[in-house]
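# heads up, no residue letters with this:
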């Protein structure tokens, strides 16, 4: 195992998160903690139909209820606001964009779409009044399945999207893939489904909006992963006001998992309500609303064709996917099944000929957008199932098939032929070797063989994955084909005050990632100041430089690099000032561990605190030097980063009930250099839990009328602590050459690998019964039926 | 979520509680609140008055007097912690420890669970298997209802309007007695997709002299698996008897489990519960 380059004082230290004492003792400041004088409370009347025309809305009775201040409809708000924007019009998305409005105006397209907003003196009154809003609906035919939605005669959701197609997008080489498959020794074909998931952050969404009639300025507190982007999109596209007339603030955010990246209808509706009532207005999403109306994840139907030789070489791959995007396009929805899925579907393997065909589809369901891993868990599930199917077909050990097809260390930077940026660095085999060793792969295979003789169902599943993180070079992601509507850089300001204390303001912000700790470690280390002296500020568009938000495991690699570069600029200025203070030539000054000294004479040095004091009082500065140590960086990464690893788990299935019991779970990840191992391990733990939950427990169910049957946590299963296994973690370290810290990103790795890992283990446990594939989630009944239908 | 307006009363005597219920036929009794409050939160129920019986301390606790008497307000946690039960009826401890999580067990009560009669609740199966009796008081005084007569249909019991469940009594047990509860949990709710409670007695001749098997989760209410009981009493072994456990029951099928799968779980869990119960016989 490699080691991090030059572990220093703070970089690489597993220190506890400084956020936690306040967050776990109830002293955090979440949206519902915000109380403003005169604040009103909003509730959203939502459609009970998945597809219906709105003939009329009668708000009279609701308006007359004592304590109700206003009731707004979609028609009211449409006079002043535009529909929400789609910010990632990936390839093929052109004139068929349909995005929601603050409230539906004439048609609803999924259960839970908002049709009216009640504003009252208390949330109780608002909920009472909701029951008095009378909406006359004319139900329309419903389609919830993406493939069915594209068939002749299916209900049509939007006039500009014939056959409900959002986009038909391809990548790779169709001719080569066809040739490879047609001429192959072995071809395996399988349809797989990656079921729909609800993100389920512990804190649901919530917003507080305020309007200052004197200045015409809005303020919105929001549970958000991207307040700067929300300000830009709401101001410029929805409200049509200058960006500087809206301030967005994300206080503590209780989880997002992607679902809080997006601009939501309620954000816009609340701004309208604040303006038109003249009072601040709060809306807190209930858990049922979160299940119905917050953007969901995954929902792919995929036909896999994998071709290869009998000696285990994969020679071709063809993938056709229907991606269900829901009733409208959410903010970045089209980019997920294209750039982040299609271009990553070859995984860690050197496959000569690949073709990917993706259809994005409208259906009468909640919108689908990025959810932890966003496209890469779907890609990993597809390729890792494909590899196991191929291994099964040729009778070769699945770990061996992986080994024979890995991209090799000398192949980096590696172009996968799918239009993805070159993989930055990698060394895949050591992660497989280490994981096999930790789980005692051969030992388990023997136990499995013995167990089968006694009717035990034991399985082992291997997944090797690569993902794309640290998104992204603006000039690539903003290309016509990629379709991202802006840049993807990050920024940071670092100030060293007169006292030597440091403030970092960053466009990047946490919703559980521990930025305040990790970024302070980074600054303390680079600047040579005590960790305690560094304060990290974030989340308020007034006072922090622009940032594109926290998602795609990008904060350390992109936001962290912006901080690193700001600190470097400060060090450079400090060096110049120190030369002046030490009466030495600038080129002779070394800055190291918080001290500047003449090379070779460290005894006469100036500390960063002394230099900061001199820079701040400013009565003796070199000619032309500005006072103060204060530097800002806007950092646009030259490439993405590509973390990787191997996960293996073992399962035992109860043959009588079908219940899957995970015996052991081993993860060997390579996320580049690690700033805080405790936080990274926590991210891996949470990530594994989330993917394992997809494999074993979670899954959105809509009936044929588009009714959501998993509309509460009594029906939709997210795991409790006793429903996940102990995790055995290790890591290799292959630094990224993309950024000066060599970090890659760790927020999604666990989720990307674990769904496929558990899947492969469950199917391995059943393989001797002739079972080739089962779709997640592996509920007791599904597995029991598979066993007993053989 | 926000419930509709409701009034709240906290009587300090049973008589006072009964009077409030008599005067307010739409009122609901609040015990631990772990079924009622979630229903009110989503306005599935909007009672105008909650009669909180939490102050009726005479309804709390476990008493042993030949049999065992359990106050309706006894929490799951208190059942788990009861040394009387651990000694005499450990199946109740086992069942209570299978309910929800610690927070739920600190608040939820045995009486609340039985009176609410959720089709997937744990306690109804166990009291039915133990042949318990429900002591109730109402406008017409006190009466006793056997567990066999108590669970009428989904969320419906033999309680009349205005009646209050006060105590659950389990008759004295012979020394040669075994009992067990097996549960297949719904991964989201933690309720039983199927739960099976069994009780077996052995007579002086060494044969099974009595057997009661009660199933929750499979159908609209807790039900006896009489075919399996009869089979075991007639001398069949556990496997043969358990294979009949699913016969003659009513079933519910939904997205969490089909009728067919529930019937399978009834057979499997009956086998496992009976096996454990038989092992307890000396």
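In hand now; what should we look at? The model shown is predicted, which means the values in this text are computed figures rather than measured ones.
# CA only for contacts and neighbour counts going forward, please
Noted.
# which residues in the stretch 601-750 of chain A form helices?
A:608-617, A:677-696, A:749-766 (DSSP state H, counting those that start in this stretch).
# walk me through the domains of the chain.
You didn't say which chain, so I picked chain A. For chain A, the domain assignment from automatic domain parsing gives the residue ranges A:20-26+A:489-635, A:34-140+A:202-255+A:260-293, A:297-472+A:639-789.
# chain B is the one I meant
If you go by automatic domain parsing, chain B breaks into B:7-55, B:57-168, B:179-280.
# residue A:528: which of those is closest?
Counting by C-alpha to C-alpha, residue A:528 lies closest to domain B:57-168 out of these; the figure is 47.0 Å.
# quote the end-to-end distance of the closest one.
15 Å (C-alpha to C-alpha, to the nearest Å).
# next: stretch A:201-214.
Across stretch A:201-214, the terminal residues are separated by 37 Å (C-alpha to C-alpha).
# mind listing what's buried in that stretch?
The neighbour-count check on stretch A:201-214 (16 or more other C-alpha atoms under 10 Å in any protein chain shown) flags A:201, A:203, A:204, A:205, A:206, A:207, A:208, A:209, A:210, A:211 as buried.
# next up, the contacts around the first one.
With contact set as C-alpha atoms under 8 Å, 6 or more residues apart in numbering or on different chains, residue A:201 has these partners: A:254, A:255, A:256, A:257.
# and for the fifth one?
With C-alpha under 8 Å, 6+ apart as the criterion, the residues that contact residue A:206 are A:31, A:32, A:222, A:223, A:282, A:283, A:284, A:285.
# just the buried members of these?
Buried by 16+ other C-alpha under 10 Å: A:31, A:32, A:222, A:223, A:282, A:283, A:284, A:285, out of the contacts of residue A:206.
# mind checking which of those are in strands?
The strands in this structure, assigned by DSSP state E, contain A:222, A:282, A:283, A:284 from the buried ones among the contacts of residue A:206.
# per-residue pLDDT, residue 64?
Using chain A here. Here, the pLDDT recorded for residue A:64 equals 98.
# should've been chain B
On pLDDT, residue B:64 comes in at 91.
# that one sits in which helix or strand?
Taking DSSP states H and E as the criterion, the element that holds residue B:64 is strand B:62-65.
# likewise for residue B:278?
Judged by DSSP H and E, residue B:278 forms part of helix B:259-280.
# from residue A:265, how far off is residue A:104?
9 Å.
# those two: who's more crowded?
residue A:104 (24 against 21; other C-alpha atoms under 10 Å in any protein chain shown).
# quick check, the more buried one in contact with residue A:76.
No - look at residue A:104 against residue A:76 with C-alpha atoms under 8 Å: they stay out of range, at 10.5 Å.
# one step back: a markdown table please, covering the domains of chain B and showing mean neighbour count.
What follows is these, written out as a markdown table (neighbours: other C-alpha atoms under 10 Å in any protein chain shown):
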| stretch | mean neighbour count |
| --- | --- |
| domain B:7-55 | 17 |
| domain B:57-168 | 20 |
| domain B:179-280 | 21 |
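# relative to residue A:376, which of these is closest?
domain B:179-280 (26.3 Å).
# that closest one: end-to-end distance?
With C-alpha to C-alpha as the measure, domain B:179-280 spans 8 Å from end to end.
# stretch A:213-231 too?
Terminal residues of stretch A:213-231 are spaced 18 Å apart (C-alpha to C-alpha).
# which residue lies farthest from the center of the chain?
As the question left the chain open, I've gone with chain A. Here the centre of chain A is the reference, and by C-alpha atoms, centre = their mean the most remote residue is residue A:583, at 51.4 Å.
# my question was about chain B, not that one.
The C-alpha centroid of chain B is most remote from residue B:205, which lies 31.6 Å away (C-alpha atoms, centre = their mean).
# does that one belong to a helix, a strand or coil?
At residue B:205 the chain is in coil, as set by DSSP: H, G, I helix; E, B strand; the rest coil.
# pLDDT score assigned to it?
Taking residue B:205 on its own, its pLDDT is 91.
# now swap in residue A:6 and tell me
pLDDT, residue A:6: 43.
# please tell me how far the residue farthest from the centre of chain A sits from residue A:605.
According to C-alpha to C-alpha, residue A:583 stands 11 Å off from residue A:605.
# check residue A:450 too.
70 Å.
# looking at these two, which one has more neighbours?
Of the pair residue A:450 and residue A:605, residue A:605 is the one with more neighbours under other C-alpha under 10 Å, namely 19 against 13.
# which SSE is the nearest residue to the more buried one once chain neighbours are set aside in?
In space, and not counting its chain neighbours, residue A:605 is closest to residue A:597: 4.4 Å by C-alpha to C-alpha, 6 or more residues apart in numbering or on different chains. Following DSSP H and E, one finds residue A:597 within strand A:595-598.
# so which bits of that strand are buried?
For strand A:595-598, a neighbour-count test (16+ other C-alpha under 10 Å) marks A:595, A:596, A:597, A:598 as buried.
# picking that back up, list just the nearest of the contacts of residue A:201 to chain B.
residue A:254 (18.3 Å; C-alpha to the nearest C-alpha).
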